[in-house]
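[1] My questions concern the predicted model and sequence given below.
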Amino acid sequence: MTDQDEDRADALFSALADRTRRDIMRRVLAGEHSVSALAAHYEMSFAAVQKHVAVLEKAGLLTKRRDGREQLASGDVAAVRSVASMLTELEQVWRGRVARIDELIASDPTGRTEPCP
Amino acid sequence: MPVTDVQQDLDALTLTITADFAAPPARIWQVYADPRQLEKVWGPPTYPATVVDHDLSPGGRVTYYMTSPEGEKYAGYWRVTAVDEPTGFTFEDGFADQDFNPVPDMPVSTNVFTFTEHGGGTRATYVSTYGSAEGLQKVLDMGVVEGATSAINQIDDLVAS
């Protein structure tokens, strides 16, 4: 790893080492959020939330754009994601769906013609 | 564990999931044929799906939206291309606007679902193909929050342990 890579890793890990910032990431990965809408979720000042957003932006985990008076933040994990890890993420979605089908058919014994092994 | 095999084809951008269920193919078919059952399994519990239109026949459309914990709605559609009840069906899955019109710039995945009799139960094969890495990225960013947040959740688990 070059010094630059190491700096980047430091920035990523220290950005994600904070509970509020992980919570912000979860929200902005789901879709674009204004910083003021984000701030409404936390018991801290708007300025403090804005600082957390700035740390995540500096680490490359989210991007910000302006829309009128609002600052809109959205998650950007492209930089830390390879195609392989994207397919692995998608695999998690499918594993969730398969687990829910399993639960659904298990809760419905009349639909079963064979006993569960 | 019902998932028995996972294949990732990095060149074709195809994910193949194989799962075994303790119920016959007709029962698994019913999960997809009944919109009320389909919405129980399609979206993660934190982003429950609501199926609006449901026509599981060739050329038919299934439309749905997922609702975020904050109440935002993300709409999608299936365009059903082939149906062979109860052994499987093929469809394209894409993003839609709030009126369920396909969003032209958004990626579409091709999906082939196959259900075959296997040891008194069903072996299900789910094959999903994406056109480009950018498309796959968009799908993960927009539609399937379950996957996109898993990396963050892993860090949470790590910190908690």
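    Good, I have the coordinates.

[2] same question for the strand or helix carrying A:Gln92, mean pLDDT?
    Per DSSP states H and E: A:Gln92 is located in helix A:83-106. Taken as a whole, helix A:83-106 carries a mean pLDDT of 84.

[3] ok, and for it, which residues are buried?
    Of the residues in helix A:83-106, those with enough neighbours to count as buried (16 or more other Cβ atoms under 10 Å in any protein chain shown) are A:83, A:86-98, A:100-102, A:104-105. C-beta coordinates here come from the backbone N, C-alpha and C atoms, glycine included.

[4] do the same with stretch A:49-69
    A:49, A:52-53, A:55-57, A:59-62, A:64.

[5] B:Pro35: which of those residues is nearest?
    Taking Cβ to Cβ as the measure, B:Pro35 lies nearest A:Leu62 of the buried residues of stretch A:49-69, at 35.4 Å.

[6] Name the nearest residue to the residue sitting nearest the centre point of chain B, sequence neighbours excluded.
    With distances taken as Cα atoms, centre = their mean, B:Trp42 lies nearest the centre of chain B, 5.9 Å away. For B:Trp42, ignoring the flanking residues on the chain, the nearest one in space by Cβ to Cβ, 6 or more residues apart in numbering or on different chains is B:Ala49 at 4.2 Å.

[7] quick one: contacts for the one you found?
    Listed by Cβ atoms under 8 Å, 6 or more residues apart in numbering or on different chains, the contact set of B:Ala49 reads B:38-39, B:42-43, B:64-66.

[8] any idea where the helices of the chain begin and end?
    Defaulting to chain A. Secondary structure of chain A (DSSP state H): helices located at A:3-16, A:19-30, A:35-39, A:46-58, A:83-106.

[9] that's the wrong chain, I wanted chain B
    According to DSSP H, the helices that chain B contains are B:25-33, B:35-42, B:133-142, B:145-148, B:150-160.

[10] now the third one against helix A:83-106, angle please.
    Comparing the axes of helix B:133-142 and helix A:83-106 via axes from the mean of the first three to the mean of the last three Cα atoms, to 10 degrees yields an angle of 50 degrees.

[11] How far off centre is helix B:133-142?
    Offset of helix B:133-142 from its chain centre (Cα atoms, centre = their mean, to the nearest Å): 14 Å.

[12] Report all helices and strands that that helix contacts.
    In this structure, helix B:133-142 packs against helix A:83-106, helix B:145-148, with contacts taken as 3 or more Cβ pairs under 8 Å, 6 or more residues apart in numbering or on different chains; DSSP states H and E.

[13] mind running it again at 10 Å?
    Helix B:133-142 makes packing contacts with helix A:19-30, helix A:83-106, strand B:73-84, strand B:88-96, strand B:109-118, strand B:121-130, helix B:145-148 when contacts are defined by 3 or more Cβ pairs under 10 Å, 6 or more residues apart in numbering or on different chains; DSSP states H and E.

[14] Repeat that for the first one.
    The contact analysis (3+ Cβ pairs under 10 Å, 6+ apart) places helix B:25-33 against helix A:83-106, strand B:14-21, helix B:35-42, strand B:73-84, strand B:88-96, strand B:109-118, strand B:121-130.

[15] If I follow the layout properly, A:Arg65 ends up in contact with A:His33?
    No - applying Cβ atoms under 10 Å, one finds A:Arg65 not in contact with A:His33, separated by 11.8 Å.

[16] ok so, going back, how about the buried residues of stretch A:49-69, which pair is most distant?
    The farthest-apart pair in these, when distances are taken by Cβ to Cβ, is A:Val49 and A:Gly60, at 19.0 Å.

[17] What residues of the lowest-mean-pLDDT helix or strand in chain A count as buried?
    For chain A, counting by mean pLDDT, DSSP states H and E, helix A:3-16 ranks last in confidence among helices and strands (a mean of 75). For helix A:3-16, the neighbour count (16+ other Cβ under 10 Å) marks A:8, A:11-12, A:15-16 as buried.

[18] how far off helix A:46-58 does it point, in degrees?
    150 degrees.

[19] Would you mind writing the CA trace of helix A:3-16 as PDB?
    Provided in PDB are the C-alpha atoms of helix A:3-16 (Å, rounded to 0.1, in the frame of the first residue of the first chain):
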ATOM      1  CA  ASP A   3       1.100   6.300   1.700                       C
ATOM      2  CA  GLN A   4      -1.900   7.700  -0.200                       C
ATOM      3  CA  ASP A   5      -3.800   4.400   0.100                       C
ATOM      4  CA  GLU A   6      -3.000   4.300   3.800                       C
ATOM      5  CA  ASP A   7      -4.300   7.800   4.300                       C
ATOM      6  CA  ARG A   8      -7.500   6.900   2.500                       C
ATOM      7  CA  ALA A   9      -7.900   3.800   4.600                       C
ATOM      8  CA  ASP A  10      -7.400   5.900   7.700                       C
ATOM      9  CA  ALA A  11     -10.000   8.400   6.500                       C
ATOM     10  CA  LEU A  12     -12.600   5.600   5.700                       C
ATOM     11  CA  PHE A  13     -12.200   3.800   9.000                       C
ATOM     12  CA  SER A  14     -12.100   6.900  11.200                       C
ATOM     13  CA  ALA A  15     -15.200   8.200   9.300                       C
ATOM     14  CA  LEU A  16     -17.100   4.900  10.000                       C
END
